[in-house]
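Undergrad: Model the following, please.
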Amino acid sequence: MGIRVTARSWIARCVLAAVWLLAAANARAAGTPAGTPISNTATVSYDVGADSYTQSATAVFTVDERIDVVVTWQDAAAVVVAPADVDRLLTFLVTNTGNGSESFALSVDAGIAGDQFDPSNARMYVDANVNHPGFPGDSIS
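TA: This is a model prediction of the structure:
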C-alpha cells in the first residue's frame, strides 16, 4: 500500500510540475507585440580525445499577429421592445485581446431571416467618450 501512495505522490508531483511549466511558458508569451523578432542560440561543447569542439547555431523567428476578437453584450438586462418603440439601445463591447492593434469594420444587419426583429432605421453608434452610446461626442457609423 505504501508503494501506491508513493506512486500517486510521484504522479501528482509530475502533473503539478507540468502545469507549472505550461503556465510559465504561457506567461512569457503573453503580450509579445506582433512583428517582434525573437532569437534563440544553442551552443554545444564536446571533447573527442584530446580535441575540444564548440558548435552553435542561432534561429530567429518573427512573432505573428494574433487577432482574438471578443464581443460582449453590455446591457444589465434584456431590452424590452414593444410595437412602435423607437431608439431602443443594445450595447456591445468589441475587444481585440490579441497582440496587434486593429480597426474593425462593423455593420448592422437588420434583416436576418428567421426572427421577427426587422427594424427599419437601425443605427450603430461608436461610444467615443465611453459614457453611453447616443450621447454628444458619439458618432453614428
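Undergrad: just for this structure, where's the confidence low?
TA: 1-30, 117, 132-141 (pLDDT under 70).
Undergrad: And it, split by domain according to the record?
TA: In terms of domains, the chain is parsed into 1-30, 64-141 (source: automatic domain parsing).
Undergrad: how close does Tyr125 get to Ala110?
TA: Distance from Tyr125 to Ala110, counting by CB to CB, to the nearest Å: 15 Å. Where you see a C-beta, it was placed from the backbone N, CA and C, and this is true even at glycine.
Undergrad: out of the two, which sits in the busier spot?
TA: The neighbour count for Tyr125 versus Ala110, taken as other CB atoms under 10 Å, is higher for Tyr125 (15 against 12).
Undergrad: so that one bridges to which residues?
TA: Ile140 (DSSP bridges).
Undergrad: can you give me the helices for this protein?
TA: Applying DSSP state H to the chain gives helices spanning 2-29.
Undergrad: ok, residues contacting stretch 47-57?
TA: Outside stretch 47-57, the residues that touch it by CB atoms under 8 Å, 6 or more residues apart in numbering are Thr41, Ala42, Thr43, Val44, Ser45, Tyr46.
Undergrad: likewise stretch 100-115?
TA: Contacts of stretch 100-115 (CB under 8 Å, 6+ apart): 33-34, 65-67, 69, 94, 96, 117-120, 122-124, 141.
Undergrad: Specify the residue positioned farthest from the middle of this structure.
TA: Ranked by distance from the centre of the chain (CA atoms, centre = their mean), the top residue is Ala50, with 54.0 Å.
Undergrad: Could you check how far that one is from Thr43?
TA: 21 Å.
Undergrad: Ok, Leu90 next?
TA: From Leu90 to Thr43 the distance is 58 Å (CB to CB).
Undergrad: More neighbours: those two, which one.
TA: Shown here are Leu90 and Thr43; by other CB under 10 Å, Leu90 has more neighbours (13 against 9).
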